[in-house]
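Engineer: here is a sequence with its predicted model. Questions after.
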Amino acid sequence: MLKASARALLSPIAGVAVLAFFNSTAFSHELEVGTLLIQHPWVAAKDTTNTATTAYVIEIQNRGTGPDRLLGASLSGEKGILQEADAGARPAKFVTRKHGFQIEPGGFVRLQPGGARILFEGLRGALKEGEMVKGTLEFEKAGTIEIEFTIEPAGLAEEDDTPIHHHTHH
């Protein structure tokens, strides 16, 4: 009887702990630059044997009266590739967004696992969970904005975190 009561108490406590984690300042940081609000840019952790990882931004809001466009990103000096999931493809396949992501006035764009992402290849060194790493986001009108990506557990990126191999035809 006592064990059942303890389990009943632990379940809500665990739920509160998870919510607290996702609402903590460590998980959720934001940057306001001009008319853009950039909420929680993050990158998946990686060890030294991997040279690729993926990055996401929970949301980029355009609070201005004109459109802007996310054109690119960099992480530790490496240029990223903006990609979007091909909705019908199983397993997941990603297509490059050469013209970036349009953000309408009053609108937003979300880069999240299973959807849009930034792929970084050719990275050296480890990205350790819980740390921050410097990068940039490049916008058509707002220009290049320096940011810090939080390094989150690789598991949050799900299947998105597998490296993409590009084939060149001669």
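Structural biologist: It's in.
Engineer: and the pLDDT for the spatially most central residue of the chain?
Structural biologist: Against the mean C-alpha coordinate of the chain, by C-alpha atoms, centre = their mean, the closest residue is Tyr56 at 1.0 Å. Tyr56 is assigned 95 on the pLDDT scale.
Engineer: also Ile13?
Structural biologist: 43.
Engineer: what's the answer for the one 4 residues further on, then?
Structural biologist: We have a pLDDT of 39 for Ala17.
Engineer: ok, now Lys134?
Structural biologist: Note on Lys134: pLDDT of 95.
Engineer: give me every residue that touches the residue nearest to the centre of the chain.
Structural biologist: Residues near Tyr56 by C-beta atoms under 8 Å, 6 or more residues apart in numbering: 41-43, 111-113, 117-118, 157. For the C-beta atoms, the positions are set from N, CA and C on the backbone; glycine is no exception.
Engineer: bridge partners for Ala73, pull those for me.
Structural biologist: Ala73 has these beta-bridge partners by DSSP bridges: Leu137.
Engineer: next, count neighbours for it.
Structural biologist: A total of 27 residues lie near Ala73 under the criterion other C-beta atoms under 10 Å.
Engineer: that one and Glu138, how far apart?
Structural biologist: Per C-beta to C-beta, to the nearest Å, Ala73 is found 7 Å from Glu138.
Engineer: check which helix or strand covers the residue nearest to the centre of the chain.
Structural biologist: Using DSSP states H and E, Tyr56 sits in strand 53-62.
Engineer: go through that strand and flag the buried ones.
Structural biologist: Applying a neighbour-count criterion of 16 or more other C-beta atoms under 10 Å, one finds 53-58, 60-62 buried in strand 53-62.
Engineer: quick revisit: what is the lowest-pLDDT residue among the contacts of Tyr56?
Structural biologist: In terms of pLDDT, the lowest of the contacts of Tyr56 is Ala157, showing 84.
Engineer: residues in contact with it?
Structural biologist: Taking C-beta under 8 Å, 6+ apart, we find Ala157 in contact with 44, 53-54, 56, 113.
Engineer: ok but it is inside a strand, no?
Structural biologist: No - the assignment for Ala157 by DSSP: H, G, I helix; E, B strand; the rest coil gives helix, which leaves it out of any strand.
Engineer: kindly provide the distance from the nearest residue to it once chain neighbours are set aside to Val95.
Structural biologist: Spatial nearest neighbour of Ala157, chain neighbours left out: Ala44 (4.0 Å); criterion: C-beta to C-beta, 6 or more residues apart in numbering. Noted for Ala44: a distance of 20 Å to Val95, by C-beta to C-beta.
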